[in-house]
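S.K.: For reference, the sequence and a predicted model appear below.
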Amino acid sequence: MLINNINFKYGSNEIYNNFNIEFQQGKINCIIGESGCGKTTLLNYISEKLYYENKRIAYVFQEDNLIPWKNIYVNLKIVAKKYFEKSILEKHKLKSFVKIKQDQIQIVISNKKHDEKLANNIIRTVQSNFDTQMYITVKFQS
C-alpha cells in the first residue's frame, strides 16, 4: 500500500510536506523515530484516510496505552464508543450517545423525529465494523 503526498501541520509547525510511505501487505511494518517526531500523527492520518476509503487498518503502540486499572474489554469499549459516535456524527450529521454491553450496542440519537430509514442506515454503519452479528438498537430522543 502506497500513500502519497502526506501534508500535515500543527499551527505553523510543518510535520509532513509531500511525504510518501509504502507498507508491504502481509508483513509487519514499523515506524520508528524519536519521541515527538510525528509517528502517531502519521498513523492517525493514515487510519483516517483509509477510514474514508472504507478500508481498515490496525496498529499497536510500543508503549502500553491502556487504562491500567481497567480490563481490555473496558479499554476497547471506550475506544469503540468514541469511534461510533464520531462515525455517526460524520456520516449522518447527528450527535449520539453509544452504550456497548458485550454483543449489544445501544445508540441514542439527538433528534426529535423517529426516522426508521435513518435508524437502519445507522445500524448498517455500525454493524459493518463487525464480523459477527451484533444486536444494535437505535433510539431517537430530543
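M.R.: Noted; the coordinates are in hand. Keep in mind that what you see is a predicted model, and the values were worked out from it rather than measured. Numbering: from 1, shown residues only.

S.K.: pLDDT of stretch 118-129, averaged?
M.R.: On average, the pLDDT along stretch 118-129 is 89.

S.K.: In that stretch, which residues are buried?
M.R.: Across stretch 118-129, burial judged by 16 or more other C-beta atoms under 10 Å covers 118-119, 122-123, 125-126. Where C-beta positions appear, they are placed from N, C-alpha and C, glycine not excepted.

S.K.: which residues touch the residue nearest the centre of the chain?
M.R.: By C-alpha atoms, centre = their mean, the mean C-alpha position of the chain lies nearest to Tyr83, the distance being 4.4 Å. Contacts for Tyr83 (C-beta atoms under 8 Å, 6 or more residues apart in numbering) come out as Asn129.

S.K.: Work out for me the element Lys113 sits within.
M.R.: Element membership for Lys113, per DSSP states H and E: none, as it lies in no helix or strand.

S.K.: and what of the one 4 residues further on?
M.R.: Assignment of secondary structure by DSSP H and E places Lys117 within helix 116-127.

S.K.: contacting residues around the following helix or strand past that helix?
M.R.: Next along the chain after helix 116-127, taking DSSP H and E as the criterion, comes strand 135-141. If you take C-beta under 8 Å, 6+ apart as the criterion, strand 135-141 is touched by 103-115, 119, 122-123, 126-127.

S.K.: what's the angle from strand 135-141 to helix 116-127?
M.R.: If you take axes from the mean of the first three to the mean of the last three C-alpha atoms, to 10 degrees, strand 135-141 sits at 140 degrees to helix 116-127.

S.K.: Sheet-wise, list the partners of strand 135-141 with their directions.
M.R.: Counting by DSSP bridges, the strands paired with strand 135-141 are strand 104-110 (parallel).

S.K.: Tell me the spacing between the residue nearest to the centre of the chain and Phe140.
M.R.: 21 Å (C-beta to C-beta, to the nearest Å).

S.K.: can you point me to the longest helix in the chain?
M.R.: Counting residues, the longest helix found in the chain (DSSP state H) is helix 72-92.

S.K.: got the buried residues for that one?
M.R.: Buried residues in helix 72-92, counted by 16+ other C-beta under 10 Å: 77, 80-81, 84-85, 87-88, 92.
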